[in-house]
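Q: Structure for the following, please:
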Amino acid sequence: MSITVSRSRVKEKCGISDTTYDTVIDNLISELVPAISFAIRDEHIADTGNGGLQSTLTLGATEIVCGEFAAQLLRAPGGGELVKLGVLTVQPVGRDNPADPTGLATQGWARLAPYRKPEPAQKAAVAVTTTPKEIE
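A: Down below sits the predicted model:
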């Protein structure tokens, strides 16, 4: 079984009620969910009898998709612009962190961390011990 993220949950978490972004959300789900699933260890994906685990994986993946959706909106023309009116400054939420303006992607990856495959780029730690030589 694979992780399933629904458009309706993404829209709900992002506070969207119309259909304007349906195609964008569907494209993000199609692009991200296979990559997220690939990052999870196979035994966790296959453990379909564990409802809590499957809910956790789905929630983490949904948060990642929501975070990327928010980042994509911020990158759109006019999405991250700053408006100054005298001493008043108006800017979009998350403008200071355009890669993850809502923090949802970071939260999703943190939620999935215990279930992820080891990063291939990480080197295994090797313990080296020595016995001190007595000096006479």
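
Q: isn't residue 7 right up against residue 25?
A: Yes: using CB atoms under 8 Å, residue 7 is in contact with residue 25, at 5.0 Å. For every residue, glycine as well, the C-beta is placed using N, CA and C.

Q: Those two: who's more crowded?
A: residue 25 (24 against 18; other CB atoms under 10 Å).

Q: Next up, the contacts around that one.
A: 7, 10, 11, 65, 69 (CB atoms under 8 Å, 6 or more residues apart in numbering).

Q: For the strand or helix carrying it, the averaged confidence score.
A: Per DSSP states H and E: residue 25 is located in helix 22-39. For helix 22-39, the mean per-residue pLDDT is 96.

Q: And stretch 4-14, by the same measure?
A: Averaging pLDDT along stretch 4-14 yields 95.

Q: Pull out the buried positions in it.
A: Neighbour counts over stretch 4-14 (16 or more other CB atoms under 10 Å) mark 5, 7, 9, 10, 11, 13, 14 as buried.

Q: got the contact list for it?
A: Contacts of stretch 4-14 (CB under 8 Å, 6+ apart): 16-17, 21-22, 25-26, 28-29, 32-33, 58, 61-63, 65-66, 69-70, 104.

Q: Which residue ranges of the protein form strands?
A: Under the criterion DSSP state E, strands of the chain are mapped to 83-85, 88-90.
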